[in-house]
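Colleague: Build the 3D model from these lines:
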Amino acid sequence: MIASVPHLSSRPQSLWQRIHLDPVLLSGLVILAGIGLLVLYSAADGNMVMVYKQGIRLGIAFGIMGLIAQIHPRTFYRWAPYFYAGGIILLIAVLVLGDIGKGAQRWLDLGIIRFQPSEFVKIFTPMLVARFLSQNPLPPQMKTIALAGGWILLPTLLIAKQPDLGTALLVASAGFAVLFFAGIPWRLLGILAAAGLAAMPALWFLLHDYQRDRLLMFLNPEQDPLGRGYHTIQAKIAIGSGGLWGKGWLEGTQSHLAFLPEPHTDFIFAVWAEEFGLLGCIAMLILYLAIIARGFFMALQAQDSFSRLFGAGLSLTFFVYVFVNIGMVIGILPVVGVPLPLVSYGGTSMVTVMAGFGIMMSLYTHRRLVPS
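Modeller: Numbers count the residues shown, from 1 in each chain. Next comes the predicted model:
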């Protein structure tokens, strides 16, 4: 359980406090975005159109982060049930009216804009769970945990139905992270883990054929090296060929000779590893960990249970983003199509991630400053 950490100060607000931005977190995000553009230029074989589009998306995402940071945490607290209900309605609309692409029904097309409602639910779910838990005694009792679990399970199942297991995993992780930081008993965690393991044989038959193939390829990609296991094998080759120092920027052979599939999206970490080596991978991981650590620090500084739980949940969700993508690329997790935050080419997921950081900054910078 997150302990209450008072923040008492009589000093006048700095410029950063007045504009509700955290310079430490902002610096880390800007550096990461710059690295993303650098490696994207290489992964896209110097396609400046793609780099320009990504730059514009980054500008929009940072702008949205700045705007959301101005919103007072009370607004998130008050509107959490309505945001969540709206997200559920949109997920149902996707199943009924959504566009189908690449075998999945995940998008809503309103004519002017086409978007994935599941991206918004990644934020709405932990927001509602944090509000619900903050209204009850902590650590939560079994009834409270069961109700919160229901709030998490509903959108997770709707998203898995699309099917989109990657996003469903992130939504479930976001909600469960809030429960974890609220002080869920370790014994219950063990029971849930055991129940999950026991349910795996039954869940296997609920998966689509391509999802079963991904799991089988994860266990043994060499059984189909030129087909379903090709992605994982080529990513491992790219990472291993980078060695300690890497081959150098723009010198990666796996991506530039078209051996590495999806080098600018899901497998962009393999491009970075090939060109900048083990040391470059360590540097990127340190940057990600610094951003995550700053997020947890900001959550700990919040002055109410809702802000602490919501902020910590968003930070842990960002960690899951990074862990799942890199784990997928290096072969320790199945391929689920989760992008590498602020590095992979794309727009909707990036906006969601930056909106989350905007909320973190709002929760941190709107603290009451009272005389010590």
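Colleague: Test my guess that F269 contacts G327.
Modeller: No: checked against CB atoms under 8 Å, the pair F269 and G327 is beyond contact range at 10.0 Å. Yep, even glycine has a C-beta here, placed from its N, CA and C like the rest.
Colleague: contact partners of stretch 166-179?
Modeller: Residues outside stretch 166-179 that contact it (CB atoms under 8 Å, 6 or more residues apart in numbering): 106, 116, 118-119, 121-123, 125-126, 129-130, 133, 140, 145, 148-149, 151-153, 155-157, 159-160, 309-310, 312-314, 316-317, 320-321, 324, 336-338.
Colleague: For M350, the count of nearby residues, please.
Modeller: Close neighbours of M350, defined as other CB atoms under 10 Å, add up to 25.
Colleague: quick one, phi psi at it?
Modeller: phi -60, psi -40 (degrees, to the nearest 10).
Colleague: what does R114 give?
Modeller: Torsion angles, degrees, to the nearest 10, at R114: phi -120, psi 120.
Colleague: Show the pLDDT at it.
Modeller: Looking at R114, its pLDDT stands at 74.
Colleague: The residue nearest to it when sequence neighbours are not counted pairs with what?
Modeller: Leaving aside its sequence neighbours, R114 sits nearest to W107 (CB to CB, 6 or more residues apart in numbering; 5.5 Å). Under DSSP bridges, the beta-bridge partners of W107 are D99.
Colleague: Between F269 and G327, which has more neighbouring residues?
Modeller: F269 (24 against 15).
Colleague: count of residues packed around G196?
Modeller: Count around G196 with other CB under 10 Å applied: 10.
Colleague: tell me the SS of it?
Modeller: Of the three states, G196 takes helix under DSSP: H, G, I helix; E, B strand; the rest coil.
Colleague: okay, it: pLDDT?
Modeller: 70.
Colleague: for the one 3 residues further on, same thing?
Modeller: At A199, the pLDDT value in this model is 69.
Colleague: What of F132?
Modeller: With respect to pLDDT, F132 has a value of 94.
Colleague: is it true that it touches W151?
Modeller: Yes: if you go by CB under 8 Å, F132 and W151 touch, sitting 6.7 Å apart.
Colleague: roughly how far apart are I326 and E251?
Modeller: Taking CB to CB, to the nearest Å as the measure, I326 and E251 are separated by 22 Å.
Colleague: Those two: who's more crowded?
Modeller: Using other CB under 10 Å as the criterion, I326 and E251 rank with I326 on top: 20 against 11.
Colleague: Quick check: which element contains the spatially closest residue to the more buried one that is not a sequence neighbour?
Modeller: Of all residues not flanking I326 in the chain, F269 sits nearest, at 5.5 Å (CB to CB, 6+ apart). Assessed by DSSP states H and E, F269 sits inside helix 268-300.
Colleague: Report how many residues lie close to G248.
Modeller: Count around G248 with other CB under 10 Å applied: 13.
Colleague: That one is in what secondary structure piece?
Modeller: Residue-wise, G248 maps onto no helix or strand under DSSP H and E.
Colleague: excluding its backbone neighbours, what's nearest it?
Modeller: Closest to G248 by CB to CB, 6+ apart is E275, at 6.2 Å.
Colleague: Hmm, T253 and the one you found touching each other?
Modeller: No: applying CB under 8 Å, one finds E275 not in contact with T253, separated by 9.9 Å.
Colleague: what residue ranges in the stretch 1-150 of the chain score low on pLDDT?
Modeller: Low-confidence segments of the stretch 1-150 of the chain (pLDDT under 70): 1-13, 99-105.
Colleague: Okay, strands next: where are they in it?
Modeller: In order along the chain, the stretch 1-150 of the chain carries the following strands (DSSP state E, counting those that start in this stretch): 99-101, 104-109, 114-115.
Colleague: Could I get the average pLDDT for the helix or strand hosting V329?
Modeller: Using DSSP H and E, V329 sits within helix 305-330. Helix 305-330 comes out with an average pLDDT of 92.
Colleague: From the chain's centroid, how far away is that helix?
Modeller: Here the centre of helix 305-330 is set off from its chain's centre by 6 Å, with CA atoms, centre = their mean, to the nearest Å.
Colleague: Just want the angle from it to helix 268-300.
Modeller: Here helix 305-330 runs at an angle of 160 degrees relative to helix 268-300 (axes from the mean of the first three to the mean of the last three CA atoms, to 10 degrees).
Colleague: who does helix 305-330 touch, helix- and strand-wise?
Modeller: helix 73-97, helix 117-134, helix 165-182, helix 230-241, helix 268-300, helix 348-365 (3 or more CB pairs under 8 Å, 6 or more residues apart in numbering; DSSP states H and E).
Colleague: Redo those helices as a markdown table? Include distance to L197.
Modeller: Below are the helices and strands packed on helix 305-330 laid out as a markdown table (distance: least, CB to CB, whole Å):
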| stretch | distance to L197 |
| --- | --- |
| helix 73-97 | 28 |
| helix 117-134 | 24 |
| helix 165-182 | 16 |
| helix 230-241 | 24 |
| helix 268-300 | 28 |
| helix 348-365 | 30 |
